[in-house]
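Novice: predicted coordinates and the sequence they were generated for:
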Amino acid sequence: MVRRVDLPFKCDYARSAGLEARTFKGSAFKGGANGGQIGPRGATENAEVTAGGLPEKVTKKKFPLLVWSAATRRRTPKSIIAGVAASEAIDQAPASHLNDPTVKIQTAEIRHIALPLITPWRTAYGEDAAIHSVLVRLTSDGIEGWGESCPLYAPTYSPESALSAYETCREFFLPRIVGREFATAADLAACLAVFKGNPFAKAAAETAWWALHSKRQGLPLWRMLGGAQSTTRCGQDFGVQNTIDDLLALIGKAVDEGFPRIKLKVKRGWDIEVLEAVRGAFPAAVVHVDCNAGYDLHDDWATLKAFDRFNLAMIEQPLSDTDLIDHAELQSRITTPVCLDESIKSPRDFRLALKLKACRVVNVKPGRVGGLFNAIQIHDLARDAGMPAWVGGMLESGVGAAICAALGTLPGFTYPADIFPSRRFYARDITDREIQLNARHCVELGDGVGVGFEPIPERLEAVTVAKASFPAP
Ligand code: MG
């Protein structure tokens, strides 16, 4: 399926999304649905459009999004500034785009893929036999960058699914950004800000922009993000197993191999008895549980309180994703740190969680929070609050896993990440390099430019469920 979408209200969206003045130059800001007047989201009706593209009457106070870019640069997290500064330091590179941070998106491609798992992944949400993920390819000056966002097949982990993320990104986001220029991730975020929610769909495009941008700058993505080193240390994770003995055997192998921490999926009926057996067999192992929002503060209080008996590193997302207040109440009544995952969909959510004291640890996934720009902001907020943070995974392909690993190189991510070797889940990953862990259980990203893990076209095509291109061929 290949389709191009022309939005009839493109002009209004441009203005309300707060693009920079330069993106309004020329015909892009003339005409449109209401003849170039400020639309309903603007503060000033019937303002004139100047030759430079900005309405004369617009002020920062009346229309703050129109000056988003300059203001955002002043507020941009230090790690992003560091990444940009590093890119600007490369002055010996021959290509002119190395000195130009502005990326004009010339073409885009989006794919919904279904990549079979070797064995199903079982959690409180159910069972997945294949990962359903969304990949986006953006190009500029003959350079391409691939991004990925993996919300799973059904809307169980979050309100989004692979189907909705694909359709939303294809129908709204990619037509919105193709042909436009973005100098920073903040500019791209501002362009898409008019669209509510849908962080996974936004992350598909946003991570592709970072991949493209870092390639154009001649830098590894991890360095572009402000990473401290080229490796990310990972822990070991186990879903719900058929028997406790099966689980103990798996944990024993992981402990023998020296994994820095063990994460166990738990759910009602697979929790306290399991932990008693695990702690009996492995009293000193660093263990935490992930509840995937499977408990209720009042109905499951006895179980939640009992988790305190097991010296867990944390309890991940015990309650509903929408219930920060109950998480705050729970955290005040138990000694084990609460870690939020599903509840944090944006930096704003995390600021609220900090205010409410709803957690003592935060899990950051670029897909869940709308992309790497937001993920870095959450990292910086956690660092400033003295709160441990770590990078989670969503069973992405090698592309998305490498993007998560690049994020995990930031210095504030102190707890081992959830990134899995390709061969643990996939008979054949789609990338030219497999995700592997070294002897220290680290993903080694190296010094190659961009993400460093590129899709192999034939493999990608073999697992593609749907695809679209912009502009249409
Ligand atoms: Mg989780």
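Specialist: Perfect, thanks for sending it.
Novice: specify the beta-bridge partners of Pro116.
Specialist: Ala130 (DSSP bridges).
Novice: what's the burial count for the residue in the chain positioned nearest to the ion?
Specialist: The minimum distance from the chain to the ion, using Cβ to the ion, falls at Asp341 (3.8 Å). In short, each C-beta sits where N, CA and C put it, glycine included. Neighbourhood size, Asp341 [other Cβ atoms under 10 Å]: 22.
Novice: need phi/psi at it.
Specialist: Main-chain dihedrals, Asp341, degrees, to the nearest 10: phi -120, psi -80.
Novice: that one and Gly367 touch, don't they?
Specialist: No: in this structure Asp341 lies outside contact range of Gly367 using Cβ atoms under 8 Å: 11.7 Å.
Novice: could you list the low-pLDDT ranges of the stretch 351-473 of the chain?
Specialist: For the stretch 351-473 of the chain, residues meeting the criterion pLDDT under 70 lie at 472-473.
Novice: please enumerate the helices of it.
Specialist: 372-385, 398-407, 422-425, 457-462 (DSSP state H, counting those that start in this stretch).
Novice: report the buried residues of the third one.
Specialist: Counting neighbours by 16 or more other Cβ atoms under 10 Å, one finds that the buried residues in helix 422-425 are Ser422, Phe425.
Novice: show me what that helix is packed against.
Specialist: Under the contact criterion of 3 or more Cβ pairs under 8 Å, 6 or more residues apart in numbering; DSSP states H and E, helix 422-425 touches strand 107-123.
Novice: touching the ion at all, the strand it packs on?
Specialist: No: Strand 107-123 is not in contact with the ion by Cβ under 5 Å from the ion; minimum separation 8.4 Å.
Novice: any idea which of the helices of the stretch 351-473 of the chain is most buried?
Specialist: helix 398-407 (a mean of 30; mean count of other Cβ atoms under 10 Å).
Novice: so that helix versus strand 107-123, what angle?
Specialist: Using axes from the mean of the first three to the mean of the last three Cα atoms, to 10 degrees, the direction of helix 398-407 lies 80 degrees away from that of strand 107-123.
Novice: any low-confidence regions in the protein?
Specialist: 1-100, 472-473.
Novice: which bits of it sit near the ion?
Specialist: The chain comes close to the ion at residues Asp290, Glu316, Asp341, as judged by Cβ under 5 Å from the ion.
Novice: verify the stated contact: Ala165 with Val134.
Specialist: Yes: taking contacts as Cβ under 8 Å, Ala165 lies within contact range of Val134: 4.8 Å.
Novice: any shared contact partners between these two?
Specialist: Ser149, Pro151, Phe200, Ala201, Ala204 (Cβ atoms under 8 Å, 6 or more residues apart in numbering).
Novice: let's see which of the residues you listed end up in helices.
Specialist: In helices, judged by DSSP state H, the following of the shared contacts of Ala165 and Val134 are found: Phe200, Ala201, Ala204.
Novice: quick one, what contacts the second one?
Specialist: So that's Ala201. Here Ala201 is in contact with Val134, Ser149, Glu160, Ser164, Ala165, Tyr166, Thr168, Cys169, Phe173 (Cβ under 8 Å, 6+ apart).
Novice: output the contacting helices and strands for whichever strand or helix holds the fourth one.
Specialist: If you go by DSSP states H and E, Ser164 is part of helix 162-168. Counting contacts by 3+ Cβ pairs under 8 Å, 6+ apart, helix 162-168 packs against strand 107-123, strand 126-140, helix 199-216.
Novice: can you list the ones you listed in CSV and add distance to Arg268?
Specialist: Output for the helices and strands packed on helix 162-168, formatted as CSV (distance: least, Cβ to Cβ, whole Å):
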stretch, distance to Arg268
strand 107-123, 12
strand 126-140, 13
helix 199-216, 27
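Novice: do you know which of those lies nearest Trp222?
Specialist: helix 199-216 (8.7 Å; Cβ to Cβ).
Novice: could you list the buried residues of the closest one?
Specialist: Buried residues in helix 199-216 (16+ other Cβ under 10 Å): 199-216.
Novice: what about Glu444, how many residues nearby?
Specialist: Glu444: 16 neighbours (other Cβ under 10 Å).
Novice: hmm, Asn438 and it touching each other?
Specialist: Yes: judged on Cβ under 8 Å, Glu444 makes contact with Asn438 at a distance of 5.7 Å.
Novice: now the common contact residues for these two.
Specialist: By Cβ under 8 Å, 6+ apart, the residues touching both Glu444 and Asn438 are Thr231.
Novice: report the beta-bridge partners for the closest residue to Glu109 other than its chain neighbours.
Specialist: Leaving aside its sequence neighbours, Glu109 sits nearest to Arg137 (Cβ to Cβ, 6 or more residues apart in numbering; 4.2 Å). Note on Arg137: beta-bridge partners Glu109, Trp146, judged by DSSP bridges.
Novice: quick one, domains of this structure?
Specialist: The chain breaks down into these structural domains: 11-74, 89-218, 231-454 (assignment by automatic domain parsing).
Novice: of those domains, which is nearest Met224?
Specialist: domain 89-218 (4.1 Å).
Novice: can you tell me the SS state at Asp237?
Specialist: What DSSP: H, G, I helix; E, B strand; the rest coil gives for Asp237 is strand.
Novice: residues in contact with it?
Specialist: Ile262, Lys263, Leu264, Lys265, Asp290, Asp418, Phe420.
Novice: now do the fourth one against Thr123, distance only.
Specialist: Separation of Lys265 from Thr123 (Cβ to Cβ, to the nearest Å) stands at 5 Å.
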